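>>> coords please:
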Amino acid sequence: MKKLTILIIGVLSMSNLFAQDISDALRYSEDNIQGSARFRALSGAFGALGGDMSAVSLNPAGSAVFNRSHASFSLSSLNIDNEVSYFNGRNSDSDSKIDLHQAGGVFVFQNTNENSSWKKFVISVAYDKTANHDDQWFANGSNTNSVDNYFLAYAEGLRLDEISRFTGETISQAYSEIGSFYGYGNQQAFLGYESFILEPVNDINSNTAYFSNISEGSFDQQYDYISQGYNGKVTFNAATQYEDKLYLGINLNAHFINYEKFTSLRESNSNTGSLVTNVNFDNSLLTIGNGFSFQLGAILKLTKELRAGFTYNSPTWFRINEETSQSVSTFVDDINGGFTANVNPNIINIFPEYRLRSPGKISGSLAYIFGNKGLLSFDYSRRDYSNIEFRPENDTFFNSQNQVMNNIFKAANTYRFGGEYKFKQFSFRGGYRFEESPYEDDSFVSDLTGYSLGLGYNFGNTRLDLTFDQAERTVNNPLYSVGLTDAATVDSVNSNVTLSLAFKL
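Next up is the predicted model:
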């Protein structure tokens, strides 16, 4: 195995260093509790119900609904089916895994003072996965836009001696030095120049204009996308019950991010005049982060049957670290014959820590309880994604990205409906959810629709629940943020089978 050299990039302003864009900010800002089987069976419409571990992560007052101490854990079989279109190419990909994504316990302390209106005090700890990043898809098609535009976009305006090797330098040494002194953008131009994709207009150190050795025409492109990881949170909860009508709670949440992505582009052409006929461009990204948020919640019994819930989710304040590695190889066909140029620095770029503030959320809920026969529940939530912020705000790059997000993101509403019918020890459940796109133009990311069906059996002190749920969404994925920004359209269907075991302590 080749040993990678670690390069810590941290000399110049972040505007020259970072490869973050709005897709990263959105990915880490979406908070979608996967939850227990009962929670998923009602499509997450639990804000006014409580009495479920995942409901506690949704509304902190929900733990006070428990009359006895309680614990649960959940196991899911996750499956993603992707239909991918890219110009004239059509492909299908699927991925599946088994995952333990929810666990927690509630400890109920009854107030023995009969004269007090405060009936109980509850503390709980819960873990919930809030996003699954495991995904893979493959796109191919014929394009009139080449990857050379990616490298040209970075190179234009940069001096030749700031994107090329000095005499006697190796690829690794030059890539490392350029990253340390000039940043990530210069490294991209370096890859393009050293692989013969780019050519300077004037072969002098002060040159700042470039042209491509790839001629215009048609390009056969193949793009692989593989990602893995997750967002999760550990919730520390405290709640109380006032008389028989009001439940109040607070959550302190520790968030974490673990995300890995690998992309690979293969491009070929037979265009007249092209000196470079094949390009292979690989990129890897590792993201690690942690954050903090809090929630305040209440559930009020309006009548014996009707309940209302309200939750305030604070923004989440993240600290994020990223590492990248990359390589490019080309086949060059010139008058002296063909040869392969391999530009593989074997360098890991470690970027300075940055901060991200994801938007807060407000939620309102209603639930109607039909005695011991069943229930109907509705949840509404609103989150303004235009409030996402990279920090520090005084950095020019982050400030420009924040302005872009303020313009292209919007406030998105989510609607969740759920119902449950009980017959003896059995519970029959179903739900539906609709989530609006976070983009002003929903052609980038469409609205999400999903449904769920579930079955539960109550053994007395133990309950076993099984649920199937499915959600669909279409996403246009630009291959790169500059230059080659053509998008592969991915129609995703996420299907899950969840099994939960819950028991009274």
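>>> longest strand anywhere in this structure?
strand 276-301 (DSSP state E).
>>> So which bits of that one are buried?
For strand 276-301, a neighbour-count test (16 or more other C-beta atoms under 10 Å) marks 276-289, 291, 293-301 as buried. In short, each C-beta sits where N, CA and C put it, glycine included.
>>> three-state assignment of the residue located most distally from the centre of the chain?
The outermost residue of the chain relative to its centre, with distances by C-alpha atoms, centre = their mean, is Asn115 at 49.5 Å. Classification of Asn115 using DSSP: H, G, I helix; E, B strand; the rest coil returns coil.
>>> Is Val482 in contact with Leu152, as I believe?
No - taking contacts as C-beta atoms under 8 Å, Val482 lies outside contact range of Leu152: 9.4 Å.
>>> how much space between the residue nearest to Ser96 when sequence neighbours are not counted and Tyr457?
Spatial nearest neighbour of Ser96, excluding adjacent residues (C-beta to C-beta, 6 or more residues apart in numbering): Asn79 at 4.3 Å. Distance from Asn79 to Tyr457, counting by C-beta to C-beta, to the nearest Å: 24 Å.
>>> again, but for Leu248
Relative to Tyr457, and taking C-beta to C-beta, Leu248 is found at 32 Å.
>>> which of those two has more neighbours?
Leu248 (18 against 13; other C-beta atoms under 10 Å).
>>> partner residues bridging the more buried one?
Thr240, Ala298 (DSSP bridges).
>>> My guess is the residue nearest to Ser96 contacts Asn494. True?
Yes - between Asn79 and Asn494 there is a contact under C-beta under 8 Å: 7.3 Å.
>>> More neighbours: those two, which one.
Ranked by neighbour count (other C-beta under 10 Å), Asn79 and Asn494 place Asn494 first, with 18 against 15.
>>> The more buried one reaches Ser77, doesn't it?
No - using C-beta under 8 Å, Asn494 makes no contact with Ser77, being 11.6 Å away.
>>> so Ala55 is in which element?
In this assignment (DSSP states H and E), Ala55 forms part of helix 53-58.
>>> Who are the packing partners of the next helix-or-strand element following that helix?
Next along the chain after helix 53-58, taking DSSP H and E as the criterion, comes strand 70-86. The contact analysis (3 or more C-beta pairs under 8 Å, 6 or more residues apart in numbering; DSSP states H and E) places strand 70-86 against helix 53-58, strand 89-110, strand 135-143, strand 487-504.
>>> Just the CA atoms from strand 70-86 would do, formatted as CSV, please.
Taking C-alpha atoms only, strand 70-86 is exported to CSV below (Å, rounded to 0.1, in the frame of the first residue of the first chain):
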residue,chain,number,x,y,z
HIS,A,70,-38.7,2.4,29.5
ALA,A,71,-36.0,1.3,27.0
SER,A,72,-35.9,0.4,23.3
PHE,A,73,-33.5,-0.2,20.5
SER,A,74,-34.1,-0.6,16.7
LEU,A,75,-32.5,-2.4,13.8
SER,A,76,-33.2,-1.6,10.2
SER,A,77,-32.6,-3.1,6.8
LEU,A,78,-31.9,-0.1,4.5
ASN,A,79,-32.1,-0.2,0.8
ILE,A,80,-31.5,2.6,-1.8
ASP,A,81,-32.5,2.2,-5.4
ASN,A,82,-31.2,4.9,-7.8
GLU,A,83,-32.2,5.5,-11.4
VAL,A,84,-29.6,7.8,-13.0
SER,A,85,-29.8,9.8,-16.2
TYR,A,86,-26.9,11.8,-17.7
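>>> show me the contacts for Gln415.
Just so we're on the same page, residue 415 is Tyr rather than Gln. Going by C-beta atoms under 8 Å, 6 or more residues apart in numbering, Tyr415 touches Phe378, Asp379, Tyr380, Arg433, Phe434, Glu435.
>>> Name the member of those residues with the most neighbours.
With neighbours defined as other C-beta under 10 Å, the most crowded of the contacts of Tyr415 is Asp379; it has 28 neighbours.
>>> quick one, what contacts that residue?
By C-beta under 8 Å, 6+ apart, the neighbours of Asp379 are Gly44, Ala45, Phe46, Gly47, Ala48, Gly309, Ser363, Gly364, Ser365, Thr414, Tyr415, Arg416.
>>> Tell me what it is bridged to.
Ser365, Arg416.
>>> Distance of it relative to Glu420?
Taking C-beta to C-beta, one finds Asp379 at 14 Å from Glu420.
>>> next one: Gln136
According to C-beta to C-beta, Gln136 stands 36 Å off from Glu420.
>>> who's more crowded, the two?
Using other C-beta under 10 Å as the criterion, Gln136 and Glu420 rank with Glu420 on top: 22 against 15.
>>> pretty sure that one contacts Leu42?
Yes - shown here, Glu420 and Leu42 form a contact pair, counting by C-beta under 8 Å, at 6.7 Å.
>>> Mutual contacts of these two, please.
Arg429.
>>> was I right about Asp224 contacting Phe138?
Yes - if you go by C-beta under 8 Å, Asp224 and Phe138 touch, sitting 5.5 Å apart.
>>> Quick check: nearest residue in space to Leu246, chain neighbours excluded?
According to C-beta to C-beta, 6+ apart, the nearest residue to Leu246 is Leu300 (5.6 Å).
>>> What residues does the one you found make contact with?
So Leu300 contacts Lys245, Leu246, Tyr247, Arg307, Ala308, Gly309 (C-beta under 8 Å, 6+ apart).
>>> Tell me the confidence at it?
Looking at Leu300, its pLDDT stands at 97.
>>> By residue count, what's the longest helix in the chain?
helix 396-408 (DSSP state H).
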